[in-house]
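Participant: Have a look at this prediction, sequence included:
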Amino acid sequence: MLTVWAAREGSSKRREAARSPPLAELTVGTARVDRYWRETFGLSEADYGRPGVVVCPHSQKLAGRSACWVFLHARTCVVSTPAPLVAEVRHRAQEIPLEAMLDEATPHGLFPQRVVRTVGPSYQGFAEADGFRSYQGPTVRRLSPSHRIEVRQLLSECAPQEREDSGLREDSEPLFAAFDGARLAALGGVLPWALYAANPGVIVLPLFRGRGFGKAVASAAVCYILAQGQVVLFQTLLSNHAAVAIADALGCQSYARMLYVGLR
């Protein structure tokens, strides 16, 4: 799973990804996830729920970043951009249909000659305790600091971008592990995003992917987050079909799509 501000690049089939599945019916049980994203973008309840494109300057949380976030939830698309660019982006966005806001060409239309890279679109999901479905697969146990050598070894065997995307480090706490015999196969951890919200971070050795190890440690991490009374926020690239399938299997609901745009 990915952290909010770092993700792998992906640009294919944006229009298809942005339109499926539909999001407009997600109106019940979203109070805390609504709050998280409103606070992230610094929006009032009225602006966050207003149909159409809402262009806003970066909130304090995002201030200073030379980047834009295009966030499509239900019939609202939030475009968070550096303050000096708000007026021109708001003008250009008037010409772009809502359903095209995550298309590959859209960032170049909003920011001519400024786009350095795009990442996404990403899947933004969430889970509350009443929707969680635990996974009974490979045995998972919580690691102690004495396992740092094994954790360091697993992380070293994964690609640097995979390590960054997972958000996990050898000193992360808590860490949950799934083993294949005596071999550490997968790690799951908890990435705090707010006092009331956290994201499960997962990384699996290439040799053990597709065998349920990732789902098992993700399930343990989600269970831990919910036990703390927090809402689970699940983020991954839409192109990462295995991760999206894990989110669905654990009872996460699809909430939004998001595109990151790096600017010069």
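Facilitator: Nice, I can see it.

Participant: check contacts around H147.
Facilitator: 175, 177, 184 (Cβ atoms under 8 Å, 6 or more residues apart in numbering). Bear in mind the C-beta positions are built from the backbone N, C-alpha and C, glycine included.

Participant: Against R38, how distant is the residue nearest to the first one when sequence neighbours are not counted?
Facilitator: On the basis of Cβ to Cβ, 6 or more residues apart in numbering, the spatially nearest residue to L175 that is not a chain neighbour turns out to be L143, at 4.5 Å. Distance, L143 to R38, by Cβ to Cβ, to the nearest Å: 35 Å.

Participant: which of the two has more neighbours?
Facilitator: Neighbours were tallied for L143 and for R38 using other Cβ atoms under 10 Å; the higher tally belongs to L143 (20 against 17).

Participant: pLDDT score for the more buried one?
Facilitator: Per-residue confidence for L143 comes out at a pLDDT of 92.

Participant: Can you list the neighbours in contact with the longest helix along the chain?
Facilitator: Once the chain is assigned using DSSP state H, the helix that runs over the most residues is helix 213-227. The contact list for helix 213-227, computed with Cβ under 8 Å, 6+ apart, reads 1, 127-129, 132, 134-135, 137-140, 142, 174, 176-178, 180, 185-190, 198, 200-202, 204, 231-232, 242-243, 246, 249-250.

Participant: Just the buried ones from these, in ChimeraX syntax?
Facilitator: Applying 16 or more other Cβ atoms under 10 Å to those, the buried members can be selected in ChimeraX as follows:
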select :1,127,128,132,135,138,140,176,177,178,185,186,187,188,189,190,198,200,201,202,204,231,232,243,246,250
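
Participant: now, which of the contacts of helix 213-227 lie within helices?
Facilitator: The subset of those located in helices under the criterion DSSP H comprises 242-243, 246, 249.

Participant: quick revisit: next step: the contacts of helix 213-227 restricted to strands.
Facilitator: Secondary-structure check on those using DSSP state E: residues within strands are 127, 140, 142, 176-178, 180, 185-190, 198, 200-202, 204, 231-232.

Participant: now the residue nearest to L175: how far from W193?
Facilitator: Here the distance between L143 and W193 works out to 22 Å (Cβ to Cβ).

Participant: Please apply the same query to L207.
Facilitator: Taking Cβ to Cβ as the measure, L207 and W193 are separated by 30 Å.

Participant: and of the ones in helices among the contacts of helix 213-227, the nearest to R114?
Facilitator: Distances from those to R114 were compared by Cβ to Cβ; the smallest belongs to A243, at 30.0 Å.

Participant: Assign a three-state SS to the closest residue to that closest one other than its chain neighbours, would you?
Facilitator: Leaving aside its chain neighbours, A243 sits nearest to T236 (3.9 Å; criterion: Cβ to Cβ, 6+ apart). State at T236, reduced to three classes by DSSP: H, G, I helix; E, B strand; the rest coil: strand.

Participant: For T236, report the pLDDT, please.
Facilitator: Taken from the predicted model, the pLDDT recorded for T236 is 94.

Participant: what does the one 3 residues further on give?
Facilitator: Predicted confidence (pLDDT) for S239: 93.

Participant: and what of R15?
Facilitator: With respect to pLDDT, R15 scores 37.

Participant: Tell me how far the residue nearest the centre of the chain lies from A197.
Facilitator: Computing the C-alpha centroid of the chain and ranking residues by Cα atoms, centre = their mean puts Q235 first, at 2.0 Å. Distance, Q235 to A197, by Cβ to Cβ: 11 Å.

Participant: likewise T30?
Facilitator: Using Cβ to Cβ, one gets 12 Å for the distance from T30 to A197.
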